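> When you get a sec, could you give me coordinates for this:
(one chain, ligands or ions: 1)
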Amino acid sequence: MHAPIVTVRQMTTFSDRWPRPSVLGIVNVTPDSFSDGGSYASAAEAAGAARRMLADGAVLVDVGGESTRPGAEPVSADEELRRIVPVLELLAGSPVSIDTSRADVAVRALALGAVLVNDVTALRRDADLAGVVADAGADLCLMHMQGDPRTMQAEPRYDDVVGEVASFLEERLAFAVAAGIDEERVCLDPGIGFGKTPDQNLELVRRLDRIVELGRPVLVGLSRKSTLARVLGEQQAPAGTDAASVGAAVAAFDRGATLFRVHDVRPHVEALAAAAAVERGSVRA
Ligand code: HH2
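Residues are numbered from 1 along each chain as shown. Okay, here's the model as predicted:
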């Protein structure tokens with residue numbers, strides 16, 4: 001009998017693959033994303049930006065072809081594929097995560113080398129996605145969202161935002177595991193800005209320990225979110241600044257976050273390296 005062939009990647013743990021802190025660079029190939037929509041005129045430009053993010057210290061680039069900004073309308077799977085496939089082809093061999101909630105899109109992205117599926121619907125939109133992730137042995141991010149992008153900011157309501165988000169993520173983690181996904185491959189995300197008021201977003205970061213307690217690495221997406229503009233007294237601005245994003249990321253790190261989904265990679269990498277060194281009390285990891 002032959003010993004099973006186990007790749008090095010399969011043998012490592014989530015924290016070996018993505019140690020705390022790890023930065024994911026955002027590559028939105030969408031005309032309508034809230035802060036960088038329409039940034040890239042071509043797939044080559046998007047892939048070039050992704051490569052610069054990796055050179056700047058990102059461990060992954062998160063490629064997405066459907067905006068989830070408040071008010072965004074869904075696009076068809078064909079359109080999502082048309083946007084992301086040329087970029088993934090150009091990024092072959094680079095560490096990529098795919099920001100999708102569709103099984104067909106994930107199948108194609110995984111075949112093109114993506115290693116993590118980032119599903120903002122936490123496996124609720126497409127009944128086939130859990131099986132795709134399980135069969136591929138891919139890493140998975142499960143994110144909390146109240147409502148859907150079209151309506152989520154209309155009137156977010158919670159009795160206890162932190163408790164409800166934690167219970168939701170616990171339930172979705174159990175669902176993923178029951179569907180055959182290795183728990184060791186999953187990270188959890190409170191979903192900053194997805195059906196939450198600015199104060200609810202800040203409370204979720206303040207009490208991130210409640211999500212960390214669930215026992216899986218926590219990803220946060222605070223970068224340029226409008227809550228950061230509100231903090232600076234900007235009532236109408238759709239996006240926060242990069243400096244405010246870095247400050248919020250460090251605050252989330254201090255409360256136990258592992259992964260940081262960001263637009264401006266280098267300042268986050270440097271600030272989080274400093275925060276981690278302070279936490280250790282030592283220059284070397
Ligand atoms: N935020 C956005 C999109 N995907 N995924 C995770 N896991 N966490 C997040 O907070 C998150 C996410 C929204 O930001 P962005 O991609 O910049 O904009 P858009 O959805 O408009 O493309």
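> Return the residues of this protein in contact with the ligand.
26, 28, 30, 33-35, 64, 67-69, 99, 118, 120, 141, 143, 189, 191-192, 219, 221, 261 (C-beta under 6 Å from any ligand atom). All C-beta spots, glycine's among them, are computed from the backbone N, C-alpha and C.
> closest point of the stretch 101-250 of the chain to the ligand, which residue?
Going by C-beta to the nearest ligand atom, the ligand is nearest to Gly221 of the stretch 101-250 of the chain, at 2.2 Å.
> in the stretch 151-285 of the chain, which spans are strands?
Applying DSSP state E, counting those that start in this stretch to the stretch 151-285 of the chain gives strands spanning 186-189, 219-220, 259-262.
> who touches the first one?
Same thing as strand 186-189. 14, 18, 139-144, 169, 173, 176-177, 211, 214, 216-221, 258-259 (C-beta atoms under 8 Å, 6 or more residues apart in numbering).
> which residues in this structure form helices?
In the chain, the helices defined using DSSP state H lie at 8-11, 14-17, 43-55, 77-90, 103-111, 129-136, 161-178, 198-206, 209-212, 226-231, 242-254, 265-280.
> for this protein, longest strand please?
Counting residues, the longest strand in the chain under DSSP state E turns out to be strand 22-28.
> Using CSV, write out every CA atom in that one.
Provided in CSV are the C-alpha atoms of strand 22-28 (Å, rounded to 0.1, in the frame of the first residue of the first chain):
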residue,chain,number,x,y,z
SER,A,22,-1.0,38.9,7.9
VAL,A,23,-2.1,41.5,5.3
LEU,A,24,-4.4,40.8,2.3
GLY,A,25,-4.3,43.3,-0.5
ILE,A,26,-7.6,44.3,-2.1
VAL,A,27,-7.9,44.0,-5.8
ASN,A,28,-11.4,45.0,-6.9
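> That one versus helix 77-90: what angle between them?
Per axes from the mean of the first three to the mean of the last three C-alpha atoms, to 10 degrees, the angle that strand 22-28 makes with helix 77-90 is 120 degrees.
> From the rest of the structure, what touches strand 22-28?
Under C-beta under 8 Å, 6+ apart, the answer for strand 22-28 is 36-37, 39-40, 46, 49-50, 53-54, 56-64, 67, 87, 97, 219, 223, 258-263, 265, 268-269, 272.
> Is there a quick ChimeraX command that grabs whichever of these are buried?
Buried members of the contacts of strand 22-28, defined by 16 or more other C-beta atoms under 10 Å, are picked up in ChimeraX with:
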select :36,39,40,46,49,50,53,54,56,57,58,59,60,61,62,63,64,67,87,97,219,223,258,259,260,261,262,263,265,268,269,272
